[in-house]
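K.L.:
Provide a 3D model corresponding to the input given below.
(3 chains)
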Amino acid sequence: MGKIVEFMTRTRGGGKMDWTDWLTYCYLVLGILLMFGPVIWLVLSSFKTEADLQRFPPRFLPYAQETVMVDGYEDPLPLFQITAGEYEGRTLAQLRRVGLVAQMIDPADPETRLRVDISNREPLEHLSLAVENYTGLFERFNFLRFLWNSTFITVMATVIMLLVNSMAAFALSKYKFRGRMTVLAIVIGTLMIPQTVVLVPLFLITQQLGMLNSLWGVIIPGAATPTGVFLLRQYMITIPDEILDAARMDKASEWKIFWRIILPLSAPAIAVLAILAIMWRWNDFLWPLIVLSQTENFTLQLALNSFQGELNTEWSSLLAMTVLTLLPIALVFMFLQKYIATGIASTGGK
Amino acid sequence: MKKSIMTTTALAALFMAGGMAAQAQEVRFMCYSDGNECEVYDDVLTRFEAENPGIDVIVDVVPYQAILENLPVQLAAGSGPDIAKVTDLGGLHEYYLDLAPYVDRDYWEASFGGTLDWYRGGAGDDGLYGLHSQLTITGAYINRTLFDQAGVDVPGADATWEDWAAASRAVAEATGTQFPMAMDRSGHRIAGPAISYGAQLFDEDGNPILVDEGFTNYVRQFVEWNQDGTMARDVWAGQGGSTYQDAAQEFVNGELVYYYSGSWQVSRFDRDIGDFFDWQVVGSPCGDGGCTGMPGGAGIVGFSQTQHPEAVAAVIDYLAQEDVYAEVTARTRNIPAHAAVAAAGVEYEDTSPQAAAALNAWAAQVPNISPIAYAYQGYAGNRAMFGITVQRVTQAIVGELTVDEAMDRAVSDLADAMAETQ
Amino acid sequence: MLSILSPIMRIIEIPLQALQRRFGIQRLAWAFLLPNLVLFGLFAFLPIILNVIYALTGGDNVLLGDRPFVGMQNFQTLGACSNYLDPNTCTKDLFWRAVWNTVWFVTLQVGFMVGFALLTALVLNRDIRARGFFRGVFFFPVLLSPVVVALIWKWILQRNGVLNAGLEAMGYDSFAWLVDRGWAFTWSVFLSVWAHMGFYTLILLAGLQAIPRDVYEAALMDRASPWRSFTKITLPLLSPTLLVVLVLALIKSVQVFEEVFAFTGGGPGSATTFMIQFIYQTGFAGAPRLFGLAAAASILLALVLVLLTALQLWANRRNVDG
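P.N.:
Reported below is the predicted structural model:
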């Protein structure tokens, strides 16, 4: 018991691996499996053909059936290994199947048709990435256009949000003016209402401002999140007032203090908010779907979903689409993960 | 440098002015696809644009969710596209553009007869609002290979639901198949069987009642089948709210003997099942109320808030012409709602004999459709009724409510919905 | 980057300096607040006010002008219950099912999530190799969109999914996880913990690292047992951080919607239908659209959240004072 607790309280300290260290690493390995495993499974599955996807039990790697071109037939014929019966051990190509019997031929001897019971054959398969899941998506639409729209929305919304929110957070954390608590209370209060429940009023307002079917209709409403103000304020409070006073002594204007002192000092928190904002705007679906109804304005998320019909959904396209939208986020994450850690660390800890 | 910018601006202005003179009327067509519909429309409408230089049709392909949930709000707020492919045919009636002043009424009425009513506001309304582009019929498919393997005879055309349930169970048992039967999770799908069981859905005055003895009887049977494993429980019980769920994957995998869905599955089955097994369309089983499925589908409508009503009407009328309609139907593998096209028969492109047979089998089901089913499909508030059905029946299946409680709830839900919309 | 922005910033400085001379430093705060207040007012506050108006009107018209005033009727309909513990006795049984589902969900999800986040933070706070990498591993799911999270787990848990394949390989029967009410709920909690835990882990880790090392060293000198130093040092010093985590986690948990909706659709039946889904389906996705009822439910939801947050802050203040 004591050891377990020691493991829970120990901070950095040297020493050789004892069993609590093993426990720690077991936990971490389990963590990797649980956190990354599902995503890797998704990526692997996205390279499977629709038929392979629906196979049970599923296989780890994607496969496709071997085919062969036979003289006299236009299309390649699927190859089977015969496992029992008259032709056991031979590799035959299937012409067609009627009921429980398959008509097959030997590719070396295309003239003779053989009849094989379907339970006596097994498809010959080889490893193959179903890249068509992806290329099919690209063929359906103007990928670059949608990528541009998504990027534009994400970048603009993030920049506007960072600037506006950090200004507000500065005012709320470093000034003592009447109404400060009221503003703060309203900000925290709106934190309680998610966008999903005010879709209709929000739509009407956006329409009145003439921002429907424009990228700004997604950018501007998205910039008004209370979370950003709240997080930044919590961070800026911890910046000592003495620094500001010293700057004021030097006759620096308030804007200069904000721009030259507060912003650089808040960089970790701003980095966190930036990453969160990028993630929110990039993954956004419900709101853009309402605001943007013309193809040239579509974001990647909308375009990728646009082939979802009333009645049919294909897993192969769906999985490929998911991986595609996930990629940019994964890249941002890889480049910025150091900031995420330090940033969240310093924001929430106070 | 500065000068060159000036020149460019002036030139651009000139072009703009030139463009204004022969201003193209831009028509926005909000479309969703179950298969390749929007691609085909886009292609066909390119020819229309060549014939009508003044009109520029832009097809915006959107997720079905946008048509179902967002389009009505957009229309109510006075925005939205000029044309759309919709499925809530009667529910959006108040926003439709009447095409009658712009098109040949006799041709439209002769060609689309019955389906025109689905878009109308009620009795006495003789406007032409929508082109029914995609006729669908609900009904069943069977995995014929499993029947052959099990040596069970396929029930005949007048077989009842009980006959089919018994046969499907026998087949599933003999072949070790996971599910005997399944039905799409949809209030539209379950309506056909309920009508076959004697459900009236409307009273004598045409007011919706939804629940009556026939309806309750089918629901009771359906819930029982879900609980004893005759019906694949996953389909209905695996979801909440009124979310749609199909069982096509199970059927394609050969895990399902009997699948009650509809005509739109043909091209998917043709593609995905391929050589794996033989499948067959068997239509709807019979009961006291007939052997009916539900008609349905999607239609193309114009909206009255458009700036270019004539252009909108011209586009829709173009798609309604017999040759164009026949071509689109063939390429999208749908069942025609156009009388002359249906009479002439459609030569489906690139389909296997199996799929062509299936499509023709569906077309042959049309005469079996009960008048109640037509009325239900044409009723403006049917989407609310579908939603209530799915919600409450599922609760009965998973045991949150008894069948009787579920039906009582359905009645009061319907009353609430009617009260709010009046 | 900075060099591009500098001139812009100088231009902004000019009017602000003028304002500063005119009104003084403290009141300049309003100038800093203004852009945010405008955006915020239009796109966050105004919709909420409109929502209140929706809640007081009936019918299925979108435009406020066409909606008849009904007073508190929507609230009364929601609250019409002979026994609040049994949703079957309520007029809007689905609302109360959603309420109780949400209560259970929040209790379990916040409990497990904060528990595991704390455990993970403690593990990551140990002297381990590649801490940055492991920190990233646990944070990664936070970046996935809710729909992707749902899709990943749906794909794994479906009848023909990899989990069932594993079970069959080990000789067990496969199981329809998302068709069983209890399991669907359990997996929803699991999925939600999986997706959000990383965020809170990092906050807690930061809190842990802010605890000065010498406090522990002093405890070690006193031969305090590790458990004692955990309860007497770590927990009290971590409590401000824990409070932030609890408040944020609670608010987010009550607002659970997208990932579970995409995961189970709220089913089986209504087993995983939560408050936001009820509101979304009543007011937006369903037919007919009962905007009034949905708005009333959203106001009740917000009130509960405000109350919960206030309660937590008050409890914390008392702790600190006492």
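K.L.:
Name the SS class of the residue nearest the centre of chain C, please.
P.N.:
By C-alpha atoms, centre = their mean, chain C has its centre lying nearest to C:K252, at 0.6 Å. Three-state assignment for C:K252 (DSSP: H, G, I helix; E, B strand; the rest coil): helix.
K.L.:
Nearest spatial neighbour of it, chain-adjacent residues omitted?
P.N.:
Excluding the flanking residues, the one nearest C:K252 by C-beta to C-beta, 6 or more residues apart in numbering or on different chains is C:H196, at 6.8 Å. Where you see a C-beta, it was placed from the backbone N, CA and C, and this is true even at glycine.
K.L.:
Show the pLDDT at the spatially most central residue of chain B.
P.N.:
Geometric centre of chain B, nearest residue: B:G297, 2.7 Å, by C-alpha atoms, centre = their mean. Looking at B:G297, its pLDDT is 90.
K.L.:
show me what contacts B:A237?
P.N.:
Counting by C-beta atoms under 8 Å, 6 or more residues apart in numbering or on different chains, B:A237 touches B:226, B:394, B:397-398, C:179, C:267-269.
K.L.:
which two in those residues are spaced the farthest apart?
P.N.:
Within the contacts of B:A237, B:N226 and C:G267 form the most distant pair, 13.1 Å apart (C-beta to C-beta).
K.L.:
Who has more neighbours out of the two?
P.N.:
The neighbour comparison of B:N226 against C:G267 (other C-beta atoms under 10 Å in any protein chain shown) goes to C:G267, with 28 against 24.
K.L.:
Please report how far the residue lying closest to that one once chain neighbours are set aside lies from B:A174.
P.N.:
In space, C:G267 comes closest to B:G240 once its chain neighbours are excluded; the distance is 3.0 Å by C-beta to C-beta, 6+ apart. B:G240 sits 35 Å away from B:A174, going by C-beta to C-beta, to the nearest Å.
K.L.:
With neighbour numbers in mind, choose between these two.
P.N.:
B:G240 (27 against 14).
K.L.:
Test my guess that the more buried one contacts C:F278.
P.N.:
No: using C-beta atoms under 8 Å, B:G240 is not in contact with C:F278; the gap is 10.4 Å.
K.L.:
picking that back up, give me the three-state assignment for the residue nearest to the centre of chain B.
P.N.:
strand.
K.L.:
Who does it form a beta bridge with?
P.N.:
Counting by DSSP bridges, B:G297 is bridged to B:L135.
K.L.:
ditto for the one 5 residues further on
P.N.:
Per DSSP bridges, residues listed as beta-bridge partners of B:G302: B:I83.
K.L.:
Quick check, pLDDT for it.
P.N.:
B:G302 carries a pLDDT value of 96.
K.L.:
That one: neighbour count?
P.N.:
So B:G302, with other C-beta under 10 Å, has 28 neighbours.
K.L.:
Then C:L34?
P.N.:
Residues near C:L34, counting by other C-beta under 10 Å, number 14.
K.L.:
which residue does the stretch 101-250 of chain C bring closest to chain B?
P.N.:
Using C-beta to the nearest C-beta, C:V179 is the residue of the stretch 101-250 of chain C that sits closest to chain B, at 4.8 Å.
K.L.:
quick one: that residue and B:W236 touch, right?
P.N.:
No: C:V179 is beyond contact range of B:W236, at 9.2 Å (criterion: C-beta under 8 Å).
K.L.:
Please say which of those two ends up with more neighbours.
P.N.:
A direct count of neighbours by other C-beta under 10 Å for C:V179 and B:W236 places B:W236 higher, at 29 against 22.
K.L.:
Quick check: residues of the stretch 201-350 of chain B near chain A?
P.N.:
Counting by C-beta under 8 Å from any C-beta of the partner chain, the stretch 201-350 of chain B comes close to chain A at B:244, B:246, B:248-249, B:252-253, B:262, B:264-265, B:268, B:272, B:275, B:278, B:298.
K.L.:
buried subset of these?
P.N.:
B:244, B:246, B:248-249, B:252-253, B:262, B:264-265, B:268, B:272, B:278, B:298 (16 or more other C-beta atoms under 10 Å in any protein chain shown).
K.L.:
Just flag the most distant two among those.
P.N.:
Among these, B:D278 and B:A298 lie farthest apart (C-beta to C-beta), at 29.3 Å.
K.L.:
Nearest to B:D106 among the buried ones among the residues of the stretch 201-350 of chain B next to chain A?
P.N.:
Distances from B:D106 to these, taken as C-beta to C-beta, are shortest for B:A298 (24.7 Å).
K.L.:
could you list every residue that touches the nearest residue to the closest one once chain neighbours are set aside?
P.N.:
Closest residue to B:A298 apart from its sequence neighbours, by C-beta to C-beta, 6+ apart: B:Q134 at 4.5 Å. By C-beta under 8 Å, 6+ apart, the contact list for B:Q134 reads B:34, B:37, B:264, B:297-299, B:332, B:334-335, B:337.
K.L.:
for B:V103, same thing?
P.N.:
B:V103 is in contact with B:128, B:313, B:316-317, B:320, counting by C-beta under 8 Å, 6+ apart.
K.L.:
repeat for B:V315
P.N.:
B:27, B:29, B:45, B:48, B:55, B:57, B:83, B:302.
K.L.:
Can you tell me which residues in the stretch 201-322 of chain C are near chain A?
P.N.:
Contact residues (C-beta under 8 Å from any C-beta) of the stretch 201-322 of chain C with chain A: C:202-210, C:213, C:216, C:225-227, C:229-230, C:233-234, C:240-241, C:244-245, C:251, C:255, C:257-258, C:276, C:279-280, C:283-284, C:291, C:294-295, C:298, C:301-302, C:305-306, C:309.
K.L.:
For the stretch 301-422 of chain B, which residue gets nearest to chain A?
P.N.:
B:S352 (10.1 Å).
K.L.:
Wait, that residue touches B:D270, no?
P.N.:
Yes: at 5.6 Å, B:S352 counts as touching B:D270 under the criterion of C-beta under 8 Å.
K.L.:
So which of those two has more stuff around it?
P.N.:
Neighbours were counted for B:S352 and for B:D270 using other C-beta under 10 Å; B:D270 has more, 20 against 15.
K.L.:
what about that one, distance to B:L359?
P.N.:
Applying C-beta to C-beta, the value for B:D270 to B:L359 is 9 Å.
K.L.:
One more: B:Q377?
P.N.:
20 Å.
K.L.:
picking that back up, let's see which of the contacts of B:A237 end up in helices.
P.N.:
Among the contacts of B:A237, DSSP state H puts B:226, B:394, B:397-398 in helices.
K.L.:
which sections of the stretch 1-150 of chain B are below the confidence cut-off?
P.N.:
Residues of the stretch 1-150 of chain B that meet the criterion pLDDT under 70 lie in B:1-23.
K.L.:
which residue ranges form the strands in it?
P.N.:
Under the criterion DSSP state E, counting those that start in this stretch, strands of the stretch 1-150 of chain B are mapped to B:25-31, B:55-61, B:83-86, B:130-143.
K.L.:
how many other residues sit next to the closest residue to B:P72 other than its chain neighbours?
P.N.:
Of all residues not flanking B:P72 in the chain, B:L92 sits nearest, at 6.4 Å (C-beta to C-beta, 6+ apart). Applying other C-beta under 10 Å, we find 23 residues neighbouring B:L92.
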